[in-house]
Structure formats: structure tokens, C-alpha cells
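Engineer: starting from these lines, generate the structure:
(2 chains)
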Amino acid sequence: MDASERRALALWTAATPSVSAFVHALLADRAEREDVLQEVALAVFESFERYDQRQAFLPWALTIARRKVADALRRKARGEALLADDALDALGQALHDVAEREDGQLAWLEQCLARLEGRARAACKLRYVEGLKPAAIAARLGLRANAASKLLQRVREDLRVCIEQRQRAAERA
Amino acid sequence: MSPEPQSERALLHAWLDGELDAEGRARMERALASSPEFAREAARTMRLHHAIALSMESRAAQPVPKRRTWRWLAAASLLLCSALAWTVATGAQASAAQVELVRLAEAASRGDRTFAIRALDDGPPAPERDGRPGPELDGARLYLRGTEQYVLARENAQGERTLTGFDGELAWTVPPRGAVRVSSDRQRFRGGLPGHQHELPFVDLDDGLANVARNYDLTLERELELDGRPVARIDGVRKRGVERGPKRIELWYEPQSRQLRRIVLDRLPQARSGPRAVALEFVDAQPLPADFFDHSHHHGPERAVERDDRPR
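Structural biologist: So this is what the prediction gives:
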């Protein structure tokens, strides 16, 4: 492996969590996400010589991811659309900013997830393991229609607070 | 009275949960484009959403979570990069078979699997140990959890069992008699594993499949049948110049779940005893007891347990 390939490898490894999160937000189907992510990885490596190394890598990789997600939506002919271009541009930049500042924080997630109890834990499992949407989660948990949406939002926000608290505590220590 | 409009933050969560209507979507797009702070909030939430999914999926598949998710993510990513980087280095297009290998490795991170091992030909018998016949690979069982925990159960010609394994922290062996030995060297006691001497350790699928991607010419057959089920198969032929490893390998798997159904290792080098070709046949994916991969599950409390961390 030459120096350029080693660099591509290092950059892609660092970018993968953000690219995966981007693809995940845009495609609901797990298998489809996996397919698209692999297509993105292939395209990144195959076109790496065209990447302008004076620019940040993640926005470039996200541009490829956008194209691949658009292709996937078109293949399925589902009438779903990507977000508007200016919104996607803003998200790409924001993912880059956040990754640079906050890489490593999500390592606290495991501990915070372990603290979830009761309905919060059940809702999380139904959403992320069984892939149910809020309406179906509400039916399973005996909640009102929009209560499951709010519960999921609260769970994520609580997890975010927990992660930030642990990060601050670790930095103080 | 009309309902109170959702906050931008609520719109973001509704979007991630697939419940945002066209009007809400347009509002969220405007907020993303006009507010870098909201875009960063969205980016943080997207990353968290994805990380929760990975972690929950991993927990659901892993009865005994032992430092799985992040290590696995890194390993899968490296496997992908390694296979692809190698491909790019040779100037070739990454093949469908290589992409399938990555998927097999991802699928292997989930749950427990049991394989039965059978010899496909007769090789020299296992060498004796302490005057008794050694354990045979033919008829052995291989139990796997995730990509690194394993138990290999072999019997000798007299029906005496030897077990070797790794629980994620300790490698161990439980011979028919004498002390149980444990080691913090994860490679210890692995000599009996098919493929181990040949750098194709199928219990470490992330490493093993990366070696397959590098060292074998691969082809993919998609529409096959095995025991009445539709399967796909990756065939690998060892490349010229690569000295270690079986000459030929076959990986049979279910195309939807990517569950490996059969692994064939053909023309194994004969530096030691054993068959020249073996098949690992999938038995089931029933969850095994939580402590199954700990040595204590396989012997009584009266057995002595000795550390064996000497350099090999």
C-alpha cells in the first residue's frame, strides 16, 4: 500500500461514523443503508485521486454519499426526495464541525444506554431493534399517538445530556 | 383551535423517526439552511441516532455483551478499508465477492452459531498425547459468538473430549484429564482450529475474511441451492505467490441474512496431521448459555485451573 492509499484509508476510517449517520438519517431501510454505505466506500476509494487534499475530507465523502442516496431513492422510485440542496450543504458542514469537535464523546453512550429503564428502554428497543415507527410503538406500549414520538425525543435528549455530563466529568478528572 | 406548531427540534426528531410531513420537512430544511447552530444540533442528533441503533442492535444480538460495539465497528471498518485499499492498489475494480465478504463479516458480529466439522478425506491420524489418541477434527463441533469467542469440542478415538475456547478475555483448554489451562494470550490453544495454522482463523472473521479478500481470487455464484434452501457461494482460489492457506475455499451463505451455511477448506497443507479438506456445516443459531464460552461451564469445580502464559 502506498502513502496515498494509506491516507485514504485513514481518512475514510475517521469519516465513517459521520457518513454512516448521514446515510442512516436519509434511508430508513437497514439493508438499503448497508448497500449504499458500501457503494459510498467503493466510490471514495476509486475516486480518491480526484479528491483535493487541501479541502476537508468529510464534506467530499458526504457529497458522494448524497449522490449514492439519491441513486438509491431513484432506483426504488418511491417519490421520496433528498432534503433540499442548501439544507444538505448545511448538514454536511455541520457534520464536519461536530465530528472535529466531538469525536470520542459517543464512547459514553454504552454507559448511558445501560441506565435506561422502563418505557424509555422499551421504546428504544422497539424503535432501534425492531425498527418500529412511533405510531406502532405507541400501540405496543399503550400510549397516545404522539406520546411515543415525544418519548423517543426525550430519550435521545436525556442520552445527550448523560453523554455530555460524563464527558465533562472525564475531562475534569 | 389549531395545534401548536412543532419546534424545529421536534421536527428534527420526527424526521429521524420517519414521521415528518411535507410542510414540516420544508420548515426543517429552511431552519437547517438558515441556522448553522440548528444544523449542528441536527448533526449531533443524527450521529447519536445512528450510534444508538448500532449499539441496540449489537446488544440484542449479543447475550453477553463483552466490549463489542465500538471494537466491532472499528474492525468492520478496517476490514472494508483493507479489502478495498488492496483492490485499488492492484488497479482492479472491487468485486461483488469482496463486497459480499464485508457483509458476511458484518453478519458474523451477531449472535451465536454452531458448526459441525467433518473431514472430506482421510488424513494422518491425530498424534498421540500421553500415550492416548489425540483429538480428531472430524466430528468436532465449533461454537461461535460474535467474531471472537469460540468453543471447539473434539473427541479422540476413545470418545474422550478435549475442549478449547476463548471467552473474550481468556483462552483456555479443558483436556480429558489433568488441569484446565488458561491464558491471556488469545492465540493460545488454537492449534486445533481449522484454518488457524493457515492464517484463516474463521473464529476471527474480521481478520480471516480480510485475509481471504487479499490472498484469494474470488468469484461469486448467486443462485445456488443447499439442502433445499437458496444460497450464494464465494469461491476462492489461492493467488500465485501466496504460500500459506488452503488452495481453495468455498463460503456458502444465505443471501438475505448473510449467515454462513458451509465453509469448505480444501487442500490444507499437511505439515501436521489431519485431513486435507474439511467442511464446517452450519447447525443452528440457537442462543447458547450466557457462560458457555467460559471454561468453567465445561468442567466441574474440582478441576485444577492453571495459568499458562509462558511464551510459545
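
Engineer: nearest spatial neighbour of the residue of the stretch 51-200 of chain B found nearest chain A, skipping sequence neighbours?
Structural biologist: As assessed by CB to the nearest CB, chain A sits closest to residue B:56 within the stretch 51-200 of chain B, at 3.9 Å. Heads up, the C-betas are built off the backbone N, CA and C, glycines and all. Sequence neighbours aside, residue A:128 is the residue nearest to residue B:56 in space, at 3.9 Å (criterion: CB to CB, 6 or more residues apart in numbering or on different chains).

Engineer: ok, residue B:287 touching residue B:111?
Structural biologist: Yes. Residue B:287 is within contact range of residue B:111, at 7.0 Å (criterion: CB atoms under 8 Å).

Engineer: list the residues that contact the residue nearest to residue B:56.
Structural biologist: By CB atoms under 8 Å, 6 or more residues apart in numbering or on different chains, the residues touching residue A:128 are B:52-53, B:56-57.

Engineer: which of residue B:287 and residue B:111 has more neighbours?
Structural biologist: residue B:111 (18 against 14; other CB atoms under 10 Å in any protein chain shown).

Engineer: which pLDDT value belongs to the more buried one?
Structural biologist: Each residue has a pLDDT score; the one for residue B:111 is 75.

Engineer: Three-state assignment for the spatially most central residue of chain A, please.
Structural biologist: Per CA atoms, centre = their mean, the C-alpha nearest to the average position across chain A is that of residue A:21, at 1.3 Å. Here residue A:21 is recorded as helix under DSSP: H, G, I helix; E, B strand; the rest coil.

Engineer: give the closest residue to it in space, chain neighbours not counted.
Structural biologist: Residue A:21's closest residue in space is residue B:50 (CB to CB, 6+ apart), at 3.8 Å.

Engineer: OK, contacts around residue A:136?
Structural biologist: residue A:126 are the contacts of residue A:136 under CB under 8 Å, 6+ apart.

Engineer: try 10 Å this time
Structural biologist: A:126-127, A:130, A:148 (CB atoms under 10 Å, 6 or more residues apart in numbering or on different chains).

Engineer: how about the helices in chain B?
Structural biologist: B:8-16, B:22-34, B:36-61, B:69-90, B:96-107, B:205-215 (DSSP state H).

Engineer: what does the second one rub up against?
Structural biologist: Contacts of helix B:22-34 from elsewhere in the structure, counted by CB under 10 Å, 6+ apart, are A:81, A:83-91, A:94, B:5-12, B:14-15, B:20-21, B:37-39, B:41-43.

Engineer: buried ones in that helix?
Structural biologist: Using 16 or more other CB atoms under 10 Å in any protein chain shown as the burial criterion, the residues of helix B:22-34 that qualify are B:24-25, B:27-29, B:31-33.

Engineer: show me what the lengthiest helix in chain A is packed up against.
Structural biologist: Longest among the helix segments of chain A by residue count, using DSSP H, is helix A:147-172. Using 3 or more CB pairs under 10 Å, 6 or more residues apart in numbering or on different chains; DSSP states H and E as the contact test, the elements touching helix A:147-172 are helix A:85-102, helix A:109-114, helix A:118-128, helix A:134-141, helix B:8-16, helix B:36-61.

Engineer: what is the distance between it and the centre of its chain?
Structural biologist: 16 Å (CA atoms, centre = their mean, to the nearest Å).

Engineer: what angle separates that helix from helix A:85-102?
Structural biologist: 40 degrees (axes from the mean of the first three to the mean of the last three CA atoms, to 10 degrees).

Engineer: avg pLDDT for helix A:147-172?
Structural biologist: Here helix A:147-172 scores 91 as its mean pLDDT.

Engineer: care to break chain A down by domain?
Structural biologist: Domain assignment of chain A by automatic domain parsing yields the ranges A:3-102, A:105-172.

Engineer: can you list those in a markdown table and add distance to residue B:291?
Structural biologist: Compiled in a markdown table, the domains of chain A are given as follows (distance: least, CB to CB, whole Å):
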| stretch | distance to residue B:291 |
| --- | --- |
| domain A:3-102 | 31 |
| domain A:105-172 | 20 |
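
Engineer: buried ones in stretch B:42-62, by neighbour count?
Structural biologist: By 16+ other CB under 10 Å, the buried positions in stretch B:42-62 come out as B:42-59, B:61-62.

Engineer: could you do stretch B:298-311 as well?
Structural biologist: For stretch B:298-311, burial by neighbour count (16+ other CB under 10 Å) applies to B:298, B:305, B:308.

Engineer: from these, pick the one nearest chain A.
Structural biologist: The shortest approach to chain A among these belongs to residue B:298, at 29.1 Å (CB to the nearest CB).

Engineer: in terms of contact, does the closest one touch residue B:288 like I think?
Structural biologist: No. Look at residue B:298 against residue B:288 with CB atoms under 10 Å: they stay out of range, at 11.7 Å.

Engineer: and the gap between residue A:132 and chain B?
Structural biologist: According to CB to the nearest CB, to the nearest Å, residue A:132 stands 10 Å off from chain B.

Engineer: that residue and residue A:123 touch, don't they?
Structural biologist: Yes. With contact defined as CB under 10 Å, residue A:132 reaches residue A:123; the gap is 9.2 Å.

Engineer: joint contacts of those two?
Structural biologist: Counting by CB under 10 Å, 6+ apart, the shared contacts of residue A:132 and residue A:123 are A:138, A:140, A:148.

Engineer: dump those to TSV, plus neighbour count.
Structural biologist: Converted to TSV, these look like this (neighbours: other CB atoms under 10 Å in any protein chain shown):
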residue	neighbour count
A:138	20
A:140	14
A:148	26
